[in-house]
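Peer 1: Have a look at this prediction, sequence included:
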Amino acid sequence: MPIPGQGPRRLQRLIPASDVSNQISTAGYEASGSSNMKFMMNGAFTIGTRDGATIEMAEEGGGENFFLIFSDHFSRDEPGVFAPLRDVLLTQGDSYMQLADTTSYLEADHRLVTLYADSEEWARKAILNVASSAKFSSDRTFAEYAANIWHV
């Protein structure tokens, strides 16, 4: 039934664009990550490297809702023992990321696929992800830029 003065109603459908955002960036060489923030705000999960935006998003939404890549595969008995070497190779000297942790990515992807198979848990976590994303709204961003950068 039409609303007086507004013409006929149109059928509207909400169609999801993505369930998963793959963010495999090279730290220091990629954009800020606003695209994966938008994915988060629409219920998508992120699988990716520990780069600026993904770290900040995991802090807001909880690490258990993100699939970030970082592994102690070769130091199970001494977790972190290779961290200084990995840091030198991956963040200070290996600018083309030849040593990227493919195994860790596949492990994170497996956790993501396992979660996707459990539709109720997927939906619960997606809702929590959306609820945790308010910090990334355009309103907050513009307000902070206006106050802290543009001083208006």
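Peer 2: Nice, I can see it.

Peer 1: Report the residue spans of the chain with pLDDT below the cut-off.
Peer 2: Scanning the chain for pLDDT under 70 picks out 1-17, 25-33, 70-75, 85-86, 89-90, 94-100.

Peer 1: one more time with 80
Peer 2: Across the chain, residues meeting the criterion (pLDDT under 80) sit at 1-17, 24-34, 48-52, 68-76, 78, 80-103.

Peer 1: Which residue lies nearest the spatial centre of it?
Peer 2: Central residue of the chain (Cα atoms, centre = their mean): residue 46, 3.6 Å from the mean position.

Peer 1: Could you measure from the residue lying closest to that residue once chain neighbours are set aside over to residue 88?
Peer 2: In space, and not counting its chain neighbours, residue 46 is closest to residue 21: 4.8 Å by Cβ to Cβ, 6 or more residues apart in numbering. C-beta here means a position set from N, CA and C on the backbone, and glycine is covered the same way. Applying Cβ to Cβ, to the nearest Å, the value for residue 21 to residue 88 is 29 Å.
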